[in-house]
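**Q** I'd like to go over a predicted model; first the sequence, then the structure.
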Amino acid sequence: MACALGFALGAAMIVPITLMAWKGSGPDSGPPTESFLTFFVRWAADPFMLVFPAAGLVTAALYWWHWTRSESPSEAPSAINN
């Protein structure tokens, strides 16, 4: 379940990144000349965008693995104990 959440959060990061790129996509970094939906579909099809969901998945998997390695949850590092 943690990995699915990490994947979803990573995929959700595509929207704000694409929105920022769209806002500066016009001539001389001005207003955009095409609709956001057209721009988003083009950017979502880019293979580089798979980095975000994959990074979220790997990060969540590593955190989950680190948490379950400890003998008990009370021994895992937390912000409360620091």
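**A** Good, I have the coordinates.
**Q** how far does stretch 33-46 sit from its chain's centre?
**A** 18 Å (C-alpha atoms, centre = their mean, to the nearest Å).
**Q** my bad, should have said stretch 44-63
**A** 6 Å.
**Q** what comes into contact with it?
**A** 2-3, 5-11, 13-14, 17-18, 43 (C-beta atoms under 8 Å, 6 or more residues apart in numbering). (C-beta placed from N, C-alpha, C; glycine too.)
**Q** in this structure, which spans are helices?
**A** Using DSSP state H, the helices of the chain run over 2-12, 14-23, 36-44, 51-69.
**Q** dump those into TSV; add distance to S29 as well.
**A** As requested, the helices of the chain are arranged in TSV below (distance: least, C-beta to C-beta, whole Å):
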stretch	distance to S29
helix 2-12	26
helix 14-23	9
helix 36-44	14
helix 51-69	23
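**Q** and those as CSV, adding distance to G30, mean neighbour count and mean pLDDT?
**A** Formatted as CSV, those follow (distance: least, C-beta to C-beta, whole Å; neighbours: other C-beta atoms under 10 Å; pLDDT from 0 to 100):
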stretch, distance to G30, mean neighbour count, mean pLDDT
helix 2-12, 28, 16, 90
helix 14-23, 10, 14, 90
helix 36-44, 14, 13, 90
helix 51-69, 27, 14, 89
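**Q** OK, contacts around L9?
**A** L9 neighbours (C-beta under 8 Å, 6+ apart): G56, A60.
**Q** can we see that at 7 Å?
**A** The neighbours of L9, taking C-beta atoms under 7 Å, 6 or more residues apart in numbering as the test, are G56.
**Q** I'd like the numbering to begin with 681 instead of 1 from here.
**A** Done: numbering now begins at 681, and the last item shifts to L689.
**Q** any idea how far the residue positioned nearest the centre of the chain lies from H746?
**A** Geometric centre of the chain, nearest residue: G690, 2.3 Å, by C-alpha atoms, centre = their mean. Going from G690 to H746 by C-beta to C-beta, to the nearest Å gives 18 Å.
**Q** ditto for G706
**A** 44 Å.
**Q** same deal with F732?
**A** 22 Å.
**Q** is A682 in contact with W747, as I believe?
**A** No: here A682 lies out of contact with W747, judged by C-beta atoms under 7 Å, at a distance of 8.5 Å.
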